[in-house]
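Participant: What follows is a predicted structure for the sequence shown.
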There are 2 protein chains.
Amino acid sequence: MNAPTEINETHRVQFPQLDVPPRLLLGPGPSNAHPRVLQALTMRQVGHLDPCFIQLMNEIQTLLRYAWQTDNPLTIPVSGAGSAAMEATLANTVEPGDVVLVGVKGYFGHRLVDMAGRYGADVRKMMKPWGQVFSLEEIRENLETHRPAILALVHAETSTGARQPLEDVGELCREYNCLLLVDTVTSLGGVPLFLDRWGVDMAYSCSQKGLGCPPGISPLTLSPRAVEKLHRRKTTVPNWYLDMSLVSKYWGDERTYHHTAPINMSYALREALRLVAEEGLAERWQRHQDNVELLWQGLEDLGLTCHVEKEYRLPTLTTVRIPEGVDGKAVARQLLDEYNIEIAGGLGELGGKVWRIGLMGFNSRRENVVVLLEALDRVLQKHQAK
Amino acid sequence: MNAPTEINETHRVQFPQLDVPPRLLLGPGPSNAHPRVLQALTMRQVGHLDPCFIQLMNEIQTLLRYAWQTDNPLTIPVSGAGSAAMEATLANTVEPGDVVLVGVKGYFGHRLVDMAGRYGADVRKMMKPWGQVFSLEEIRENLETHRPAILALVHAETSTGARQPLEDVGELCREYNCLLLVDTVTSLGGVPLFLDRWGVDMAYSCSQKGLGCPPGISPLTLSPRAVEKLHRRKTTVPNWYLDMSLVSKYWGDERTYHHTAPINMSYALREALRLVAEEGLAERWQRHQDNVELLWQGLEDLGLTCHVEKEYRLPTLTTVRIPEGVDGKAVARQLLDEYNIEIAGGLGELGGKVWRIGLMGFNSRRENVVVLLEALDRVLQKHQAK
């Protein structure tokens, strides 16, 4: 085989066996996966075109439809992070010059603007301070002004913890003949979501938040209206990996090879979705709501203030204002170092101003609320005593 | 929380606990992961910005450099399938109008053509029958004719089992002032590869073949020359998820948030790469070569003919011609159903003409060769007796 013997050994480092601290992940995600999900991850592998894997693909699709409350045939997991699923919505439906109206009230609204621009959209923004949401009236005014082909809204803004009400928005979008694109990254599996009832045409999410699965595989759904826009394209989708005219054949009846699906992550996602179906959506949403209310009360008892008005707070993610004079970063670091609890700081405009606390999926449990509040109390006392 | 009670239960199906047959994956990938890799997959999770995860990212980068024999600082795993890493090379370095010369001698050459076209390249093809490779002289002639900005070659063509020699190609590319892009999807971890010595500027691979890891995370490396072309771009990278000017900051010293890395898949990849470093590249390449030679001899003893000339056969993937009168698909299906062994048929031009047999990573073992040969013999006898 002519194997040359001069192998460069510089980077041949003998690292020790993998070991990581037992973190409790109460930031904006990833959250800890359910133990049954981690167990499913290690199931022996089959090929990605094996008859039993194809059955598993069908099962994932069915359960995703339940979790999202949609009948959309094109409901699949994208082989990548939530941002890949996010990009898939725009890459497939935006044609150069299309007006895309984005509701920007946090970091991920800005990301939608960035992505839409890369696909040649004529991007219009409607803006709100970070932590607030749009009223139906504001949305109508903007649709009237911009007449977009697509309206993009973030249902659960991971950077602010605010929940954008979506009731009746889909109807408005039909009135104005535009598609409704919704970011459900921090809502799927933890926050009431009714895609079909609300007339949502495109949605994406991730695995590692409300679904309680590790990150690396990301739900995507397109309504028949969105698929029709994809089929009407005059230009090829300018992104091969996320081209749903190809990917949908891999997930459809044809099972035409496109790329190799992440086998073990698919096992994990199936198990996570099976847990959602076992628990039931109503019960699961209620559990998230009950635990977050316990958290809000506890934070208030510590003298802390939530950043978002109560009515619009997410049950999955809470932003808390960092008290004046307290070094927010140091507090988070101390929680991690001394208590193995991860919470996060703010992103963008809210950087340095808030902490972000997540109670998602498997992690939305009473004991986690209690340990966090107690640890936070102790750490804050030290910091405020300084 | 105003949880509406009218939940659609149509898709709330109670699927049974996950179970799959114990397949031996001897197709073109995925191959079975090493048990230590599957073990690492289930390690408890940390956040993707946790100090210990950042250390793990560094370790993966170091070990990838060893496996690929490169010092490239920008050496990372992409959060997606090998095709995403493939697309990342072109998305970042192709600007509209750039001449990209692609060596097409199989399915994945065609895929490079498709992708390059989506990024506005002026794509030129040099063609060879499937199963053959390009000579240095042919490459020179084509560089002379087309004067490309990028030459793209598939080192290990997964559709044909042919190994494209790369010695001296990098030098030629420097003479013609073009970047050398190489597909190492079916070579990394199993076939001698010296990126820096061969002057390769961009390479990508996958996790589920020579590295013996599950699919879902995919190595990518860009040389300083390739990074310079990225930095010289006049236009934004038209792909957000794969934009290395952003992703490299997440993997670089800044650790700027871009997307959430696949935590558990990163654990698995680290373990797979640790196994490569433990075994040593020379020993690992030799193991792949020894086992495949045993396979070739056995196939010959069964009266079968390999499709590729011996000198250019890959040690990781072998294409065998289906004997006249034999239903290749039925044979593969019987191997799967009766022996739990997966092999694959041909792709594209070789569809119906060959089987593809992989011996990759953990699966490149003597016992696997023996069981496959014995099972294939028995199945073929039945089919030929018909």
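Facilitator: Cool, got the structure.

Participant: do you know how far the residue in the stretch 101-250 of chain A that chain B sits nearest to is from residue A:80?
Facilitator: Nearest residue of the stretch 101-250 of chain A to chain B (C-beta to the nearest C-beta) works out as residue A:216 at 3.0 Å. For the C-beta atoms, the positions are set from N, CA and C on the backbone; glycine is no exception. Distance of residue A:216 to residue A:80, computed by C-beta to C-beta, to the nearest Å: 7 Å.

Participant: any residues in contact with both of these two?
Facilitator: By the contact definition C-beta atoms under 8 Å, 6 or more residues apart in numbering or on different chains, residue A:216 and residue A:80 are jointly contacted by residue B:79.

Participant: From residue B:26, how far out is residue A:215?
Facilitator: Residue A:215 is 30 Å from residue B:26, by C-beta to C-beta.

Participant: cool, and residue A:47?
Facilitator: 10 Å.

Participant: so what's residue A:204 up against?
Facilitator: With C-beta under 8 Å, 6+ apart, residue A:204 has these contacts: A:78, A:82, A:85-86, A:88-89, A:183-185, A:218-221.

Participant: could you redo these as TSV and give each row distance to chain B, neighbour count and secondary structure?
Facilitator: Shown next, in TSV, are the contacts of residue A:204 (distance: C-beta to the nearest C-beta, whole Å; neighbours: other C-beta atoms under 10 Å in any protein chain shown; DSSP: H, G, I helix; E, B strand; the rest coil):
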residue	distance to chain B	neighbour count	secondary structure
A:78	9	27	strand
A:82	7	30	helix
A:85	9	29	helix
A:86	8	32	helix
A:88	9	27	helix
A:89	12	29	helix
A:183	14	28	strand
A:184	15	28	coil
A:185	10	30	coil
A:218	10	29	strand
A:219	13	27	strand
A:220	13	27	strand
A:221	12	28	strand
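
Participant: buried sites along stretch A:290-306?
Facilitator: Under the neighbour-count criterion of 16 or more other C-beta atoms under 10 Å in any protein chain shown, stretch A:290-306 has A:291-292, A:294-296, A:298-299, A:304, A:306 buried.

Participant: Over to stretch A:309-322?
Facilitator: A:312-322.

Participant: Distance from the chain centre to it, please.
Facilitator: Centroid separation for stretch A:309-322 versus its chain: 16 Å, with C-alpha atoms, centre = their mean, to the nearest Å.

Participant: tell me the average confidence for it?
Facilitator: The average of the pLDDT scores along stretch A:309-322 is 98.

Participant: what about that stretch, near chain B?
Facilitator: Yes - using C-beta under 8 Å from any C-beta of the partner chain, stretch A:309-322 reaches chain B at residue A:315.

Participant: So which residues on the stretch 101-250 of chain A come close to chain B?
Facilitator: So the stretch 101-250 of chain A meets chain B at A:111, A:114-115, A:117-119, A:192, A:194, A:196, A:206, A:208, A:214-217, A:236-242 (C-beta under 8 Å from any C-beta).

Participant: which of those residues are buried?
Facilitator: A:111, A:114-115, A:117-119, A:192, A:194, A:196, A:206, A:208, A:214-217, A:237-242.

Participant: So which of those are in helices?
Facilitator: Under the assignment DSSP state H, these contribute A:111, A:114-115, A:117-118 to helices.

Participant: how about those in a markdown table, adding pLDDT and distance to residue B:103?
Facilitator: Putting these into a markdown table (pLDDT from 0 to 100; distance: C-beta to C-beta, whole Å) gives the following:
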| residue | pLDDT | distance to residue B:103 |
| --- | --- | --- |
| A:111 | 98 | 37 |
| A:114 | 98 | 35 |
| A:115 | 98 | 33 |
| A:117 | 98 | 34 |
| A:118 | 98 | 29 |
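
Participant: Settle it for me: which of residue A:47 and residue B:26 has more neighbours?
Facilitator: residue B:26 (30 against 23; other C-beta atoms under 10 Å in any protein chain shown).

Participant: what's the neighbour count on residue A:358?
Facilitator: Residue A:358: 29 neighbours (other C-beta under 10 Å).

Participant: was I right about it contacting residue A:320?
Facilitator: No - using C-beta atoms under 8 Å, residue A:358 is not in contact with residue A:320, being 11.7 Å away.

Participant: quick one: low-confidence ranges for the stretch 101-250 of chain A?
Facilitator: Residues of the stretch 101-250 of chain A meeting the criterion pLDDT under 70: none.

Participant: can you map out the helices along it?
Facilitator: Assigned by DSSP state H, counting those that start in this stretch, the helices in the stretch 101-250 of chain A fall at A:107-118, A:136-146, A:169-175, A:224-231, A:244-251.

Participant: Pick the most deeply packed of these.
Facilitator: Highest mean neighbour count among these (mean count of other C-beta atoms under 10 Å in any protein chain shown): helix A:107-118, with a mean of 22.

Participant: which residues touch the closest residue to residue A:264 other than its chain neighbours?
Facilitator: Counting by C-beta to C-beta, 6 or more residues apart in numbering or on different chains, residue A:264 lies nearest to residue B:214, which is 4.2 Å off, once chain neighbours are set aside. Contact partners of residue B:214, counting by C-beta under 8 Å, 6+ apart, are A:45, A:262-265, B:30, B:33, B:37-38, B:41, B:207-208, B:265, B:268.

Participant: so residue A:237 touches residue A:248, yeah?
Facilitator: No - between residue A:237 and residue A:248 there is no contact under C-beta under 8 Å: 11.3 Å.

Participant: For residue A:227, which non-adjacent residue is spatially closest?
Facilitator: Residue A:227 sits nearest to residue A:74 (C-beta to C-beta, 6+ apart), 5.7 Å away.

Participant: Specify the beta-bridge partners of the one you found.
Facilitator: Under DSSP bridges, the beta-bridge partners of residue A:74 are residue A:222.

Participant: sorry, back to before: looking at the contacts of residue B:214, which are in strands?
Facilitator: Judged by DSSP state E, strands contain none of the contacts of residue B:214.
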